[in-house]
Every structure is written in C-alpha cells, then in structure tokens.
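In: Structure, please.
(one chain, ligands or ions: 2)
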Amino acid sequence: MTGARTGATTGAVPLFDDDVQPPAQRSEIAPGAVHVPGWLTLPQQRELVAACRRWAAGPVPIRHTRLPRGGAMSVQTVCIGWHWQPYRYTRTGDDVNGARVADFPDWMVRLGRRALVDAYQAPDAGDGYTPDTALINFYDAAAKLGMHQDKDERSDAPVVSLSIGDSCVFRLGSAENRNRPWSDVELASGDLFVLGGPSRFAYHGVPRIHPGTGHPDTGLAHGRLNITMRVTGLTG
Ligand code: MD3
Ligand code: FE
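Out: Ligands and ions are numbered 1, 2, ... in the order given. Sure, this is the predicted structure:
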C-alpha cells in the first residue's frame, strides 16, 4: 500500500501501476467475452469511486439520459473523454449543460490495457489499445438497463467493464437479436468484464440489481457503479 498519496487521483496513480492484482479465476462466457471476478483490489475500487464522484459533479454532471422518444433511462450516466447521448458521441454535453467533458486520464488508459492482458492472458493483448471514452453508470436499487447493442463507436476494439458496489445480473445475448438464448452472469464489486471479438456487438443488459450486497469499504454506501471504457474511433 502506498502511504504518501493524498486524495487526488489526477496525474499518476501509483496504486494502479504498482499493485499486484490478486489471483482471479477467469471465465469465458462467450467467444471474446471474459469475466474476471475480484479483479480490482478494495483500494483500487475506493480510488475509482472517488474519481467517479468528482466526474459526477461536473463539468458535465451525471444525469438520467433522455431518450429521443421521450422518457429517461433509470440508470444515471456521466461520461469522460467523449459525451454519449442517444445515439452519438460529442465532446460537449449538449443534452445537459453544453460544457466540455472531462479528459480521459492516462491512468485509465493503462488500467484498460492491463485489463486486456489479464482477461485474454496474453502479455501483448493491451498493445495498441487506447480507450478514449468511458461511460460511468450508476444504478440505484430499482435501476435496470434493457437489452441493447453498443454500436455508436466506429471501432471494434474491446469494451472494458469494471463493477463496484451492489452486485447485479448481467445478461449477455447474441449479436443477432435481443432474445434468448442468453447467459446471465452475476457481476460483483471488483469484477472485470471484457467484451471483445465476436461478443463486441452482442446484445446485453442489466435486468436487476441486488441491493445491499456492496461492501461499504468501497466508499459506495449503496447502489452499483459500472465503468465501461471504449474506443470511439472518432477524432477531434
Ligand atoms: C457486451 N453497461 O454502458 S457493462 C453500457 O453494467 C452497458 O452498466 C452495462 O451496457 C452496465 O452500455 C454493462 C458490460 C458490457 C459493456 C459493453 C458491452 C457488456 C457489453 C458491449 C458489447 C457487449
Ligand atoms: Fe452497453
């Protein structure tokens, strides 16, 4: 454990670079879809919760994303690097307050590369992987995410997902349609999930949260936080 750090996570984050990850049992749910339970240490989870709290406050505050046909998502989302709104990415939160989103930090690029190395068990799996956006979702006890595809990115690079707080049911279907067959996987605090290869454009969703299953030492008293790093394929 590093002793001299303050609460700030801007700049280098020694914790993420120096920590040896605890041994974790990977399982390949579908081709290219790898679940690594318990990948994040508790100090790493705390650090991520603190960073997400700051991003949730601004420059573009966390919100229930409004859908084009009216209505809003039950999940609350804040974005960094690029701002997502259905169904495009922009640099500014045009559906919130118009401000430019926070930069995507280098330490998160390095975390994403390490995630690929560990998920795919190949030392070079992270080479050339440079995620440039993250969608940070917050789920209260009642929030859900319907079956959908992530296809607003102009890249087929993998998505790296990190979960903190309450556990949930994560549903992974096929790339063809939102119906069965699917696999339900329990995602718990600290879990890593990588979606690459043939699974990158699979339908997926979060049909339920298990309230009260998170550990208070993550810094999240209730609810679930999910961070998904992506490559937008956009420039500018
Ligand atoms: C499978 N988030 O933000 S993360 C999303 O837990 C999203 O908040 C969920 O779906 C959540 O779009 C699931 C795991 C995940 C992320 C991206 C995927 C699964 C995926 C892309 C393709 C296939
Ligand atoms: Fe998604």
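
In: Look at L48 and give its secondary structure.
Out: helix (DSSP: H, G, I helix; E, B strand; the rest coil).

In: Contacts only, for it.
Out: L40, L162, I164, L225, I227 (Cβ atoms under 8 Å, 6 or more residues apart in numbering). Using the backbone N, CA and C atoms, a C-beta is placed for each residue, glycine as well.

In: Provide the secondary structure category for the second one.
Out: What that stands for is L162. The three-state label given to L162 by three-state DSSP is strand.

In: And the average pLDDT for the strand ranked longest in the chain is what?
Out: Ordering each strand of the chain by length in residues (DSSP state E) puts strand 72-80 first. Averaged across strand 72-80, pLDDT comes to 98.

In: Please enumerate the strands of the protein.
Out: For the chain, the strands defined by DSSP E cover 27-30, 33-36, 63-66, 72-80, 83-85, 88-90, 133-139, 145-148, 159-165, 167-172, 183-187, 192-195, 204-210, 224-230.

In: okay if I get those as TSV plus distance to ligand 1 and mean neighbour count?
Out: TSV is the format used below for the strands of the chain (distance: least, Cβ to the nearest ligand atom, whole Å; neighbours: other Cβ atoms under 10 Å):
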stretch	distance to ligand 1	mean neighbour count
strand 27-30	9	14
strand 33-36	7	23
strand 63-66	10	16
strand 72-80	7	19
strand 83-85	8	22
strand 88-90	13	17
strand 133-139	4	22
strand 145-148	6	15
strand 159-165	4	25
strand 167-172	6	20
strand 183-187	7	16
strand 192-195	4	26
strand 204-210	4	19
strand 224-230	3	24
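
In: any chance of the ones you listed in a markdown table, with distance to R113 too?
Out: Below are the strands of the chain laid out as a markdown table (distance: least, Cβ to Cβ, whole Å):
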| stretch | distance to R113 |
| --- | --- |
| strand 27-30 | 20 |
| strand 33-36 | 14 |
| strand 63-66 | 28 |
| strand 72-80 | 17 |
| strand 83-85 | 22 |
| strand 88-90 | 21 |
| strand 133-139 | 14 |
| strand 145-148 | 26 |
| strand 159-165 | 9 |
| strand 167-172 | 23 |
| strand 183-187 | 21 |
| strand 192-195 | 11 |
| strand 204-210 | 23 |
| strand 224-230 | 10 |
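
In: for the ones you listed, which one sits closest to V96?
Out: Nearest to V96 among the strands of the chain is strand 63-66 (5.5 Å), distances taken as Cβ to Cβ.

In: can you give me the offset of the closest one from its chain's centre?
Out: 17 Å (Cα atoms, centre = their mean, to the nearest Å).
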